[in-house]
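K.L.:
Structure for the following, please:
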Amino acid sequence: MNNQIIKEKVWSYKDEMLNRLDKLVSIPSEMSAPTEDAPFGEQPLLALTAALDMLKADGFETKNVDNYAGYAQMGNGDELIGIIGHLDVVPAKKSDGWDSDPYTLVEKNGVLYGRGVSDDKGAVVASMIAMKVIKDLGIDVNKRVRLIMGTNEENGSRCLEHYVEKEGHVDYGFTPDGDFPAIHGEKGIMQGKYVAKTSKILDVAGGTVANAVPGKATIKVVKGSYSSEKLDAFFKTNNIKYSVTSNADCDVIDVMGVAAHASTPELGVNAISYMLVGLKEAGMEDSFVDFYCSHFGLELNGAMLGANLSDEYGNLTLNCGVISMVEGKVQGTVDIRFPVTLTTDKVLASMEGHLEDENGTITFDTLVNPLFFAPDSPLVSSLYDAYVEVTGDTENKPMVIGGGTYAKEINNTIAFGCAFPGNDYRIHNTNEWVKIDELLLQAEIYVHGILKLLSI
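P.N.:
The predicted model follows:
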């Protein structure tokens with residue numbers, strides 16, 4: 001198929017692409033309390049229903065898999081190609097620092113802003129357009145091609161687990177929820193929590209989800225339990241914005257950080273960590289503050305837990321994403337991404353003796369081993385060739401990332417896009433963005449990717 005014909009056909013759908021993304025972004029598909037019909041809350045289900053309606057109107061065979069996930073399919077054959085995206089999003093509020101309503105699609109100078117435009121609604125729409133183009137051009141589809149859409153990727157991927165249980169795995173697949181040119185490995189993931197044994201902290205809250213660097217944290221402490229001058233000096237030295245509201249017997253301290261994905265904590269500023277380390281530096285004597293500062297502090301590499309590990313593909317990273325007061329006890333989340341040549345058992349062994357002391361405990365309840373495909377495997381090489389064919393970029397190569405994608409949940413799948421090299425799309429952050437031209441380029445690459453997988 002002529003590359004120029006594919007390009008022109010993709011770009012003819014520009015307005016259609018924007019209309020679909022506008023509709024999906026307007027649905028605040030954050031996870032909420034389940035109902036009888038909506039396992040992850042009403043809004044994720046609304047997003048799934050809207051997406052399936054779009055694809056049904058395109059003439060594809062569609063199926064809702066028990067309101068957990070859904071798919072649209074074309075083609076015939078025993079083998080199945082899967083494109084696996086998600087329609088749920090992490091929470092967003094304009095008061096968090098957005099320049100516009102996060103659930104209203106805004107365009108400025110060719111750039112789209114809104115929650116989900118990059119992660120992952122934009123990529124789902126680009127995948128829809130790719131399937132439409134293949135269908136419209138009458139290309140022979142000798143395998144089944146299925147766009148699978150989940151609704152719980154940001155909170156455990158139970159949607160895809162349920163889908164696989166009901167529908168099975170795929171023979172070749174990609175999830176448009178990572179980076180170009182292709183991701184051939186994903187670090188292992190360990191998630192859990194820390195719990196304080198005692199603390200004099202009156203109240204504390206920070207972060208929104210475990211898999212994001214917290215951009216804001218608030219703590220209530222007894223007045224006079226720390227030095228205001230030393231706290232101010234610490235925050236000014238580290239360029240941290242904060243405010244203190246004083247009452248008769250307590251101070252409420254608000255600390256602003258910079259949100260980022262937990263897989264790249266170095267791109268953020270952890271408001272929880274700076275708040276607690278700042279209080280420690282300001283002379284606050286508290287058993288939990290001591291525990292946090294001796295087990296996490298400001299480090300991102302797990303060194304305080306004995307887990308400063310690395311391999312040729314990358315280093316271990318650690319993020320404490322959420323903190324709260326539950327039944328009078330301070331507790332919070334821990335998220336670790338570890339190198340692809342290690343296992344959860346090896347990482348846990350390295351932390352032996354570092355997970356509990358007289359002031360607190362750390363436990364892990366989610367243990368996911370890494371994903372790894374050889375860069376020259378048919379799946380990776382085919383998708384990489386599609387990327388190069390469209391972009392001409394041979395400088396960037398398939399990579400290993402710290403983020404966990406749907407690829408860990410379904411066989412024979414890697415992450416392929418949607419992020420282009422060198423860009424920070426502020427996913428899980430305020431003012432998430434994507435360029436209109438890049439969405440169209442994504443769709444063009446996905447057409448070529450599907451064609452390459454059809455030829456294997």
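
K.L.:
per-domain residue ranges of this protein.
P.N.:
The record's domain parsing of the chain by automatic domain parsing lists 3-186+371-454, 188-368.

K.L.:
Output those domains as JSON lines; include the columns mean pLDDT.
P.N.:
Listed next are these as JSON lines, based on pLDDT from 0 to 100:
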{"stretch": "domain 3-186+371-454", "mean pLDDT": "97"}
{"stretch": "domain 188-368", "mean pLDDT": "97"}
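
K.L.:
Using a markdown table, lay out those together with mean neighbour count.
P.N.:
Any C-beta I mention is one placed from the backbone N, CA and C, and that applies to glycine too. Listed next are the domains of the chain as a markdown table, based on neighbours: other CB atoms under 10 Å:
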| stretch | mean neighbour count |
| --- | --- |
| domain 3-186+371-454 | 20 |
| domain 188-368 | 19 |
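
K.L.:
Who is Val145 paired with across the strands?
P.N.:
For Val145, the beta-bridge partners under DSSP bridges are Met74, Ile81.

K.L.:
you'd agree it is up against Met74?
P.N.:
Yes: Val145 is within contact range of Met74, at 5.4 Å (criterion: CB atoms under 8 Å).

K.L.:
Which neighbours do these two have in common?
P.N.:
By the contact definition CB atoms under 8 Å, 6 or more residues apart in numbering, Val145 and Met74 are jointly contacted by Met131, Ile134.

K.L.:
which residues in the stretch 301-450 of the chain form strands?
P.N.:
For the stretch 301-450 of the chain, the strands defined by DSSP state E, counting those that start in this stretch occupy 310-311, 314-315, 317-319, 323-326, 329-338, 356-357, 360-368, 371-372, 399-401, 413-415, 418-419, 433-435.

K.L.:
And for the stretch 101-250 of the chain?
P.N.:
Using DSSP E, counting those that start in this stretch, the strands of the stretch 101-250 of the chain run over 106-108, 111-113, 144-150, 172-175, 178-179, 183-186, 188-196, 203-206, 212-213, 216-222, 241-246, 250-256.

K.L.:
Who are the contact partners of Gln43?
P.N.:
By CB under 8 Å, 6+ apart, Gln43 lies in contact with Ile27, Pro28, Ser29, Glu30, Ser32.

K.L.:
how about TSV for those, with distance to Asn239 and secondary structure added?
P.N.:
Below are these laid out as TSV (distance: CB to CB, whole Å; DSSP: H, G, I helix; E, B strand; the rest coil):
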residue	distance to Asn239	secondary structure
Ile27	37	coil
Pro28	32	coil
Ser29	34	coil
Glu30	31	coil
Ser32	35	coil
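
K.L.:
Could you export those as TSV, including distance to Ile456?
P.N.:
Shown next, in TSV, are those (distance: CB to CB, whole Å):
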residue	distance to Ile456
Ile27	36
Pro28	39
Ser29	34
Glu30	38
Ser32	41
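
K.L.:
from the residues you listed, which is closest to Glu161?
P.N.:
Ser29 (18.4 Å; CB to CB).

K.L.:
returning to what we had before: what's the closest of the strands of the stretch 101-250 of the chain to Ala57?
P.N.:
Taking CB to CB, strand 144-150 is the member of the strands of the stretch 101-250 of the chain nearest to Ala57, at 14.0 Å.
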